[in-house]
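Undergrad: Sequence and predicted structure below; questions after.
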Amino acid sequence: MCGIALVRLKKPFEYYIEKYGTPAYGARKMYLLMHKQHNRGQNGVGVACTKLDMPAGQQYMYRYRSVKDQPIEDIFGKVNEKFRSYAKKSPKKQKDLKWLKENVPFAAEVLMGHLRYGTHGGNRKDNCHPFLRQNNWRTRNLTLAGNFNLTNVDELFNKLIELGQHPKEKVDTVLVMEKIGHFLDEVNQEIFDQHKQDYSNADISKIIEEKLDIRRVLERACRDFDGGYTMAGIIGHGASFIARDPHGIRPAYYYADDEVVVAASEKPAIKTAFNVDYDQIQEVPPAHALIIDKKGEHTIEQFIEPKPQKSCTFERIYFSRGSDPEIYTERKKLGALLVPQVLKAIDYDLENTVFSFIPNTSETSFLGLMQGMEKYLGEYRRKKIIEDKVTDPAALEKILSLVPRVEKLAIKDAKLRTFIADDAHRDDLVAHVYDTTYEVVKKGVDTLVLIDDSIVRGTTLEKSILRILDKLSPKKIIIVSSAPQIRFPDCYGIDMSKMGAFVAFRAVTALLKERNKENLMDEVFDKINYKIYNGEDHEDNFVKELYAPFTDEEVSKKIAEIVRSHDIKAEVEVIYQTVENLHKACPKHEGDWYFTGNYPTHGGNRVVNKSFVNYMKGSLERAY
């Protein structure tokens with residue numbers, strides 16, 4: 001779920017110095033874009049730039065990366081210090097374009113940024129994007145950053161070997177870089193061969209810069225990719241691109257005017273950084289690339305065959321910034337659609353029910369839930385007063401004064417997303433991440449309803465939240481998830497690849513055991529191994545067969561039993577959003593594989609099947 005940003009200044013560099021009074025215009029806009037997407041990457045940050053038309057012998061590509069506690073501030077502190085120090089040393093040079101470009105690293109026309117959420121691999125600077133592939137020919141240099149997970153790393157590794165390469169690592173970031181780099185080299189060579197009889201090498205270099213077809217490079221490089229991706233790239237001569245996968249799994253947006261072309265993973269970042277209206281910000285279509293040539297002109301070009309759009313619903317439910325108006329509306333609707341289930345669970349007793357939310361990202365769905373409750377109360381009041389003809393003043397006062405009771409019950413002390421913390425430290429984290437508010441609950445009388453945006457592992461509930469809430473002595477605790485049950489691994493963004501970690505899967509294995517159906521686990525295990533042996537494990541998600549014998553309600557009930565430890569006194573119930581209502585709330589975004597197991601690519605099926613095999617073998621190996 002990483003974040004990317006790209007800024008291309010279209011005017012001559014001196015234009016921005018004159019209009020905005022600073023040579024750091026591009027760097028400052030990049031800082032805003034990244035700061036407004038910090039939710040997408042708190043483990044590491046990288047920025048890179050390319051300067052146009054630099055003379056030979058002058059450095060024209062720069063990169064800074066950081067994994068410090070506040071990596072955005074660390075990196076841009078260094079960037080800004082370069083501008084400040086040179087301004088102090090040579091104040092008269094601050095409008096000298098040639099001097100600035102030769103001396104100040106990020107006085108550049110093309111800038112790229114990346115925010116890393118490290119769910120796999122070490123948290124080292126070397127793991128941070130952007131990555132560089134360097135060459136003395138400008139048009140063979142490539143700077144690449146991406147928000148991607150590819151499921152067919154082994155296949156891509158073998159493809160590179162077949163192409164004659166010797167990859168130094170077997171990870172998707174390196175393989176993507178080398179695959180695109182290979183075809184970038186190939187297209188360079190083709191143009192060189194076409195003109196080598198008629199022009200000098202120096203002249204051919206200029207011809208290549210004019211004729212280099214980035215769409216063709218992407219078409220040839222990405223044809224074998226299986227997974228979700230948005231990739232940003234800068235070629236050494238200054239052309240750049242943003243490429244999006246054929247299903248549109250990972251997000252990408254852009255804005256262009258006569259001064260800039262800018263792209264990012266989220267619309268609010270672009271709106272804030274450039275003060276534009278949302279309707280001016282466009283989506284990069286799936287299977288297309290935003291391509292910006294050396295002159296700064298941009299086009300949207302299809303580079304691969306589009307497939308049914310399956311943009312990630314987890315972006316909508318949880319990960320993206322809720323200030324996006326579409327996401328805000330969708331999250332409110334997710335909350336409102338839960339009203340019937342919640343009313344049934346509290347037996348319509350609003351007088352003795354306290355509503356709250358956890359964590360802060362679920363506040364918008366909580367607002368939707370409360371608005372839904374207000375709507376229900378409006379209908380309730382009308383029925384009581386008009387249809388039941390209530391005239392007694394005391395009875396009328398009681399009806400009219402009935403409102404949902406809202407309190408801030410669970411307070412998250414640390415801005416940490418526990419379900420993607422590393423395994424070694426998660427348990428310690430979740431035990432201390434929440435505190436609560438006392439003396440607002442009627443002991444032994446009130447029911448507590450807390451809405452969460454998702455329940456993945458259930459660890460935070462089991463080891464922290466329920467224990468804290470139980471200290472308030474409620475009669476019942478109801479945890480409501482605005483997302484459906486997360487039953488299957490993700491392999492396209494958030495790295496959730498271990499079946500045994502999902503509380504929904506733990507519930508199903510417990511139900512199978514209770515009902516003497518454990519043999520189904522062995523049957524599915526044998527089937528998948530047979531399919532793996534025959535190279536057919538990509539054909540379907542066979543793990544779905546384990547969930548088939550049970551209703552959603554049965555699984556939810558068992559989840560409640562799992563997360564309710566023996567020392568919890570209150571009754572506990574867990575309510576999940578339905579998949580049907582998820583699609584009502586997010587009709588344009590159908591990527592629901594976490595919940596349904598319907599993966600958009602063959603690689604997804606292969607991952608879920610392998611994940612189950614690993615579980616049965618007791619292996620903690622990553623499934624892809």
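TA: Received the coordinates, thanks.
Undergrad: now the strands for the stretch 351-500 of the chain?
TA: Counting by DSSP state E, counting those that start in this stretch, the stretch 351-500 of the chain has these strands, from start to end: 353-357, 405-406, 410-412, 434-436, 447-452, 476-481.
Undergrad: would you turn those into JSON lines with distance to A623?
TA: All C-beta atoms are positioned from the backbone trio N, CA, C, and that covers glycine. JSON lines is the format used below for the strands of the stretch 351-500 of the chain (distance: least, CB to CB, whole Å):
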{"stretch": "strand 353-357", "distance to A623": "32"}
{"stretch": "strand 405-406", "distance to A623": "41"}
{"stretch": "strand 410-412", "distance to A623": "30"}
{"stretch": "strand 434-436", "distance to A623": "31"}
{"stretch": "strand 447-452", "distance to A623": "26"}
{"stretch": "strand 476-481", "distance to A623": "24"}
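Undergrad: out of these, nearest to G41?
TA: Of all the strands of the stretch 351-500 of the chain, strand 410-412 sits nearest to G41, with 19.3 Å by CB to CB.
Undergrad: what's the weakest-modelled helix or strand in the protein?
TA: helix 423-430 (a mean of 53; mean pLDDT, DSSP states H and E).
Undergrad: Give me the below-cutoff pLDDT ranges for the protein.
TA: Per-residue confidence of the chain (counting by pLDDT under 70) places the weak regions at 118-122, 412-435, 438, 495.
Undergrad: Out of the strands of the stretch 351-500 of the chain, which gets nearest to I4?
TA: The nearest among the strands of the stretch 351-500 of the chain, by CB to CB, is strand 410-412 at 27.3 Å.
Undergrad: re earlier: can you lay out the strands of the stretch 351-500 of the chain as CSV showing distance to E518 and mean neighbour count?
TA: Formatted as CSV, those follow (distance: least, CB to CB, whole Å; neighbours: other CB atoms under 10 Å):
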stretch, distance to E518, mean neighbour count
strand 353-357, 38, 23
strand 405-406, 44, 15
strand 410-412, 36, 18
strand 434-436, 35, 18
strand 447-452, 31, 24
strand 476-481, 27, 23
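Undergrad: Which among these is found nearest to K19?
TA: Minimum separation from K19 across these (CB to CB) falls at strand 410-412, 42.8 Å.
Undergrad: doesn't F106 make contact with A24?
TA: Yes: using CB atoms under 8 Å, A24 makes contact with F106 at a distance of 7.4 Å.
Undergrad: Mutual contacts of those two, please.
TA: V79, F83 (CB atoms under 8 Å, 6 or more residues apart in numbering).
Undergrad: OK, contacts around the residue nearest to L469 when sequence neighbours are not counted?
TA: Nearest non-adjacent residue to L469, counting by CB to CB, 6 or more residues apart in numbering: I477, 5.4 Å away. When contacts are counted by CB under 8 Å, 6+ apart, I477 touches T447, L448, L450, L466, L469, D470, I568, A570, E571, V572, E573.
Undergrad: Any chance of a PyMOL selection covering the buried ones in those?
TA: Here is the PyMOL selection string for the buried members of these, based on 16 or more other CB atoms under 10 Å:
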select buried, resi 447+448+450+466+469+470+570+572+573
